[in-house]
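1. Sequence and predicted structure below; questions after.
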Amino acid sequence: MKKEEENKEIVLAQHPSRKPTKSTFGINDIDMPKVKEGEVLLKSLYVSVDPGMRGFMDKGDDDAAGNKFEINKPITSRTVAQVVKSDLDNFPKGAIVHGRFPWQIYFSLKTDALEKVDPDLAPISTAVSVMGVPGLAAYFGMLKIGKPQKDETVVVSGAAGAVGSIAGQVAKLQGCTVVGIAGSDEKIDYLKNDLGLDEGINYKKTENMQKAIKEACPNGVDVFFDNVGGELFDAVFADANRHSRMVICGQIADYNKSNPPVGPRPQHDLIKMSAKIEGFVVFDFKEEFDTAKKQLGEWLNNNQLYYKENLIEGFENIPSAFIGLFEGENIGKQMIKVSEAE
């Protein structure tokens, strides 16, 4: 690390009322961290931005997990970083780590907040994409809750995103017919030609989603992996089979709405169909992370799993990359490359 290098941070400047804008964020010049005993100095390499972070930006104190971002404090997200100064044998200089870190170029932390990244397992950026929370969410949501069986029909909303793109492929690996929902013709081509899904629906060009779902799923829907919610959920639910499973991973359609609309109440239909709706967070399965990473790694190494990282260069572009998530810009995992590993 050179003495002349500068440090910056990105903080929450104001609570967004609906969709975040550039004024939601503030970029500050800050001093280099003072490394305390038991800490290491880290430099950000890859910063992940995810739609679910939007809820942490709202005003309120209903946050038992401590995830709410505070005004004028650094925002945090899943990040790959490199140790650039250390006196500790277990995390020496040069080690690659990941965790939920502050949006700063340089920062110091105790090692209990760090998890090592094995560069031989997969490219280090995948620690916050296919081998990180997005890949794990797809794996556990699909296999533990959706439980797809051979020859069943699976629908995935947000299917070109970081989680949905992996979830759809996991279902294909189980021998299912998979239909992906996304918001552009480019994304539909990606789903069918790159990911190998059976059918794709561009919801932005579809006037009657319920009809489109029925046409794409003539045998009904057995598993719905939902990243979007709203009217898309209503349309897919209308074609759900008996004993169907609906996996609620995200609800991006409602993240920026101050008063989300009340949709149809499905309880009566759930009884008639003996169907299930279940939400989850990936850390419900943290005891099984190592097993999942081993399987994801095998699929990757056997060319059975394809992933795409939408890399945006430059620390100062983190806010615009996050805002872009709500404008449908990204195919695959939206990430910011801050610096090269040394």
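-> Here it is on my side, so go on. Every value quoted in this text rests on a predicted model; they were computed, and no experiment measured them.
2. Can you pull out the low-pLDDT segments for this protein?
-> 1-4, 60-66, 253-260 (pLDDT under 70).
3. At the geometric centre of it, which residue do we find?
-> For the chain, the residue nearest the mean C-alpha position is Pro134 (4.2 Å; C-alpha atoms, centre = their mean).
4. Now name the helix or strand holding it.
-> Secondary structure from DSSP states H and E places Pro134 in helix 133-140.
5. Show residues contacting the helix or strand that that helix is followed by.
-> Per DSSP H and E, helix 133-140 leads on to strand 153-157 as the next helix or strand towards the C-terminus. The set of residues external to strand 153-157 that reach it, using C-beta atoms under 8 Å, 6 or more residues apart in numbering, is 142, 146, 148, 164, 167-168, 171, 176-181, 197, 213, 217, 219-229, 232-233, 236, 241. Placement of C-beta: from N, CA and C, glycine included.
6. among those, which ones are buried?
-> Neighbour-count burial (16 or more other C-beta atoms under 10 Å) is assigned, among the contacts of strand 153-157, to 142, 146, 148, 164, 167-168, 171, 176-181, 197, 213, 217, 221-229, 232-233, 236, 241.
7. Just the ones of those in strands?
-> In strands, defined here by DSSP state E, the members of these are Thr177, Val178, Val179, Gly180, Ile181, Val221, Asp222, Val223, Phe224, Phe225, Asp226, Asn241.
8. burial count for Lys59?
-> Counted with other C-beta atoms under 10 Å, residues neighbouring Lys59 total 10.
9. now the helices for the stretch 51-200 of the chain?
-> 133-140, 162-173, 185-189 (DSSP state H, counting those that start in this stretch).
10. Could you save the ones you listed as a markdown table and add columns showing distance to Glu316?
-> Formatted as a markdown table, these follow (distance: least, C-beta to C-beta, whole Å):
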| stretch | distance to Glu316 |
| --- | --- |
| helix 133-140 | 24 |
| helix 162-173 | 22 |
| helix 185-189 | 27 |
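11. Glu37 is nearest to which of these?
-> With C-beta to C-beta, the closest approach to Glu37 among these belongs to helix 133-140: 30.5 Å.
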